[in-house]
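Engineer: Show me the folded form of this:
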Amino acid sequence: MSDTQPESGPGPDPAHERRATKDRPWVMRTYAGHSTAEASNALYRTNLAKGQTGLSVAFDLPTQTGYDPDSPLARGEVGKVGVPVPHLGEMRKLFDQIPLTEMNTSMTINATAMWLLAMYQVVAEEQNPGVDPEEVAAQLAGTTQNDIIKEYLSRGTYVFGPEHSLRLISDVIAYTVHHIPKWNPINICSYHLQEAGATPVQEIAYAMCTAIAVLDAVKASEQVSEDDFGKVVGRISFFVNAGVRFVEEMCKMRAFVELWDELTRERYGVTDPKMRRFRYGVQVNSLGLTEAQPENNVQRIVLEMLAVTLSKNARARAVQLPAWNEALGLPRPWDQQWSLRLQQVLAFESDLLEYDDLFDGSPVVEAKVRELVDGAKAEIDRVQAMGGAIAAVDSGYMKSELVSSHARRRAAIEAGQETIVGVNRFETTESSPLTADLDAAIMVADPRAEQAAIESVRAWKAARDEAAVSSALDALAAAAKTRTNLMSATLAAARAGATTGEWAQTLRDVFGEFRAPTGVAGAVGVTEAGEALAQVRERVRRTGAELSGSPEGRLRLLVGKPGLDGHSNGAEQVAVRARDAGFEVIYQGIRLTPEQIVSAAVAEDVHCVGLSILSGSHMELVPAVLDGLRSAGAGDIPVIVGGIIPESDGRRLLELGVAAVYTPKDFGLTEIMAGIVEVIRTAHGLAERSSSGSGSGR
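Structural biologist: Now for the predicted structure:
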């Protein structure tokens, strides 16, 4: 080959040459918050000192669902999956010594997003005494997640029905466009859709349908002029998932970019390309993290991070990574530091940010992007033909599709068609120093956090002006009965000293509450799962006949989710597989009290109660169910428990009377069904206890 290019040939392409200047790295976050506002504040300041460039706040479930720590529904949940913020005083503690006008803060909050944003704004004002509040608001940068539609489909922290939820979202969007212009008032969250089983096509399609529903609602509210509507579109951000199939995931991000540009240009007439830019943050997949050989999770996390950073034209604006041990329990600060360092090595040691897009012109990438775009458009059309995302939630269509998709994936893993290293293949392993002491490999939530939060609320109420609070809440209720933007009334309630539970209850009294479809009834399960499922079906049939004295007798399994944990994916998959195995399944959805579960177990005369808890509240809620069954004269009904449960807690639950404990390591649903049958037979003296039914060898 000649050392020089012929005159007629192509010269060097500057787009593929290394540039002298590097791109700015994405915002680096870790998702954090636990126990108390003081402890979370210390963690935030430590992480910022380590080079983290933004905050991502995890709130506990009572805060997310609008309950104060002293509510009976908050029992066992305070400070478990995030930080409790029941009033303005705790918000002050949370951001003590963190200047909010200089910070980029993402808050994972949805049903109560308006309330948390109001308290955040008030704290920022207090940090800047003497400065015009409008000037302070104009400097605030960050995001409220605020996507309720995905809560109906996957995460479960909704409070109000779709109509009223969209009203709250629209009010926040309109307020921020006019008063907090650097704030992202909503993350359209496809992350949780993938966790609930969505394929890449479904993830794209349902996220876009959600965006359409939100933008249409804002337009219909008439709070933003046509001239300013481009600003609304420009502040819409997305929160996306990235799984381990990183080539497909990278192409998914490019498909998102293309579809969003087309949608905002053609449907909403946005002419400014900057306003049409697809802006997204990401937490890479937590669903695929394994309890077995958890050290393998590190390379999974790295591959998933590459999916959202390699392609410059579809690169994430902010990245937060889970920790290697999240399938075991709550990560420690060191574990979060490791995940932060993964980002820093890629951004600062590698040459990734020195080049333009690596994939432009690739026929392989272009073909995959086209496949995803075409598939997503077809699914968007199906949903829009039903009346849009809200109608598809009400009908149960989207939820059933996700449950069915998840069931197919679980079946593929169990059949060995989809390899999970260390789980269904390459299972032999050396002892890991990372998990030599499992109880020390995770952080335990402060057991005093709940009582501390209750005392904080009581002290706060004792010191405030009750008349001012009552007046502010009355004004909020009155505004909620009109079309008035509720942000002003919410800010007034925060300044007066109202609590999270009082704000939410005021709106509950006006709007009512809502229970989303479970999706289980319409889900397609695993009807042909081979000999193993056939054997379990026969065992279920025979046991039902023996216990009832009739060939038509069936075993009845109650699947219950006590507490405020809305992550229902596991419970739904157990319910679907149990139905396929021949059980009569009673599943009433999320957020039930122990008393409600006991009442249902007695009323339905069930043979077994299965509890699913992923929030860490198992040591409070499971004993409450056991005690309730005994008090109701139904203590002979066996109880099994599934969730992210440390080994020491699992042993304690068995000592308390739980028949079996299952953790993420027990991925074989058909094997779990076999175990449930043996638990029932043992409870009725029909068989000796089988070790295969004990869950994780317990």
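Engineer: how far does stretch 558-578 stretch from start to finish?
Structural biologist: 10 Å (Cα to Cα, to the nearest Å).
Engineer: quick one: that stretch to chain centroid distance?
Structural biologist: Relative to the centre of its chain, stretch 558-578 is centred 15 Å away, using Cα atoms, centre = their mean, to the nearest Å.
Engineer: same deal with stretch 23-42?
Structural biologist: Distance of stretch 23-42 from the chain centroid (Cα atoms, centre = their mean) equals 17 Å.
Engineer: which of the residues in it are buried?
Structural biologist: 25-37, 39-41 (16 or more other Cβ atoms under 10 Å). (C-beta placed from N, C-alpha, C; glycine too.)
Engineer: just stretch 323-343 next, same as before
Structural biologist: Result for stretch 323-343 [16+ other Cβ under 10 Å]: buried residues 323-333, 335-340, 342-343.
Engineer: Kindly check the end-to-end length of it for me.
Structural biologist: OK, stretch 323-343 end separation, Cα to Cα: 12 Å.
Engineer: What of stretch 490-503?
Structural biologist: Stretch 490-503 has its terminal residues 8 Å apart, counting by Cα to Cα.
Engineer: pLDDT wise, what is the closest residue to residue 25 other than its chain neighbours at?
Structural biologist: Nearest non-adjacent residue to residue 25, counting by Cβ to Cβ, 6 or more residues apart in numbering: residue 347, 4.0 Å away. Among the per-residue scores, residue 347 shows a pLDDT of 96.
Engineer: what's the answer for residue 206, then?
Structural biologist: The predicted local confidence for residue 206 is 97.
Engineer: pretty sure it contacts residue 197?
Structural biologist: No. Using Cβ atoms under 8 Å, residue 206 is not in contact with residue 197; the gap is 11.3 Å.
Engineer: Which parts of the stretch 251-400 of the chain are strands?
Structural biologist: Listed from the start of the chain, the stretch 251-400 of the chain has strands (DSSP state E, counting those that start in this stretch) covering 280-283, 318-320.
Engineer: Parallel or antiparallel, list what pairs with the helix or strand of the chain with the lowest mean pLDDT.
Structural biologist: The helix or strand of the chain with the lowest confidence, counting by mean pLDDT, DSSP states H and E, is strand 31-32 at a mean of 82. Strand pairing for strand 31-32, using DSSP bridges, gives strand 55-58 (parallel).
Engineer: so how far is the helix or strand that the strand it pairs with is followed by off the chain centroid?
Structural biologist: Using DSSP states H and E, the helix or strand that follows strand 55-58 in sequence is helix 61-65. Chain-centre distance of helix 61-65: 13 Å, with Cα atoms, centre = their mean.
Engineer: and helix 61-65, what does it pack onto?
Structural biologist: Using 3 or more Cβ pairs under 8 Å, 6 or more residues apart in numbering; DSSP states H and E, the elements in contact with helix 61-65 are helix 500-511.
Engineer: Show residues contacting the helix it packs on.
Structural biologist: Helix 500-511 has contacts (Cβ atoms under 8 Å, 6 or more residues apart in numbering) with 62-63, 65-68, 71, 85-87, 111-112, 115, 159-161, 164, 168, 469, 473, 476-477, 480-481, 490, 493-494.
Engineer: How far does it sit from its chain's centre?
Structural biologist: The mean C-alpha position of helix 500-511 is separated from the chain mean by 23 Å, Cα atoms, centre = their mean.
Engineer: Likewise for stretch 83-94?
Structural biologist: From the chain centre to the centre of stretch 83-94 is a distance of 22 Å (Cα atoms, centre = their mean).
Engineer: same thing with stretch 434-448?
Structural biologist: In terms of Cα atoms, centre = their mean, the centre of stretch 434-448 is set 22 Å apart from its chain centre.
Engineer: likewise stretch 132-151?
Structural biologist: What separates the centre of stretch 132-151 from the centre of its chain is 19 Å, taken as Cα atoms, centre = their mean.
Engineer: Also stretch 246-262?
Structural biologist: Using Cα atoms, centre = their mean, the offset of stretch 246-262 from its chain centre is 21 Å.
Engineer: doesn't residue 209 make contact with residue 263?
Structural biologist: No. Using Cβ under 8 Å, residue 263 is not in contact with residue 209; the gap is 10.4 Å.
Engineer: Between these two, which is the more surrounded one?
Structural biologist: residue 209 (27 against 20; other Cβ atoms under 10 Å).
Engineer: On the three-state scheme, that one is what?
Structural biologist: helix (DSSP: H, G, I helix; E, B strand; the rest coil).
Engineer: contacting residues for it?
Structural biologist: Applying Cβ under 8 Å, 6+ apart, the residues near residue 209 are 380, 383, 384, 388, 389, 392.
Engineer: what residues are up against the residue lying closest to it once chain neighbours are set aside?
Structural biologist: Once flanking residues are discounted, residue 209 sits nearest to residue 389: 4.1 Å by Cβ to Cβ, 6+ apart. Residue 389 sits next to 149, 206, 209, 210, 212, 213, 383, 398 when contact means Cβ under 8 Å, 6+ apart.
Engineer: Run a quick neighbour tally on the fourth one.
Structural biologist: So that's residue 210. Residue 210: 27 surrounding residues under other Cβ under 10 Å.
Engineer: That one contacts residue 192, correct?
Structural biologist: No. The criterion here is Cβ under 8 Å, and residue 210 misses it with residue 192 at 11.1 Å.
Engineer: Which neighbours do those two have in common?
Structural biologist: Taking Cβ under 8 Å, 6+ apart as the contact rule, residue 210 and residue 192 both touch residue 150.
Engineer: Any figure for the gap between residue 229 and residue 273?
Structural biologist: Between residue 229 and residue 273 the distance is 15 Å, computed by Cβ to Cβ, to the nearest Å.
Engineer: same deal with residue 234?
Structural biologist: Computed as Cβ to Cβ, the residue 234 to residue 273 distance reads 10 Å.
Engineer: who touches stretch 96-105?
Structural biologist: Contacts of stretch 96-105 (Cβ under 8 Å, 6+ apart): 27, 41, 44-45, 48, 53-57, 120, 123-124, 127-128, 136, 139-143, 318.
Engineer: let's see it at 6 Å
Structural biologist: 27, 41, 54, 55, 124, 139, 141, 142 (Cβ atoms under 6 Å, 6 or more residues apart in numbering).
Engineer: List the buried residues in that stretch.
Structural biologist: If you call a residue buried by 16+ other Cβ under 10 Å, then stretch 96-105 has these buried ones: 98, 100, 101, 103, 104, 105.
Engineer: So the last one, which state does it fall into?
Structural biologist: The local conformation at residue 105, judged by three-state DSSP, is strand.
Engineer: pLDDT averaged over the helix or strand where residue 192 lies - what is it?
Structural biologist: For residue 192, the element it lies in under DSSP H and E is helix 191-195. Averaged over helix 191-195, pLDDT sits at 91.
Engineer: how about it as PDB, C-alpha atoms only?
Structural biologist: This file holds the C-alpha atoms of helix 191-195, laid out as PDB (Å, rounded to 0.1, in the frame of the first residue of the first chain):
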ATOM      1  CA  TYR A 191     -35.500   1.700  34.100                       C
ATOM      2  CA  HIS A 192     -38.200   0.100  36.200                       C
ATOM      3  CA  LEU A 193     -40.000  -1.300  33.100                       C
ATOM      4  CA  GLN A 194     -36.900  -3.400  32.300                       C
ATOM      5  CA  GLU A 195     -36.800  -4.500  35.900                       C
END
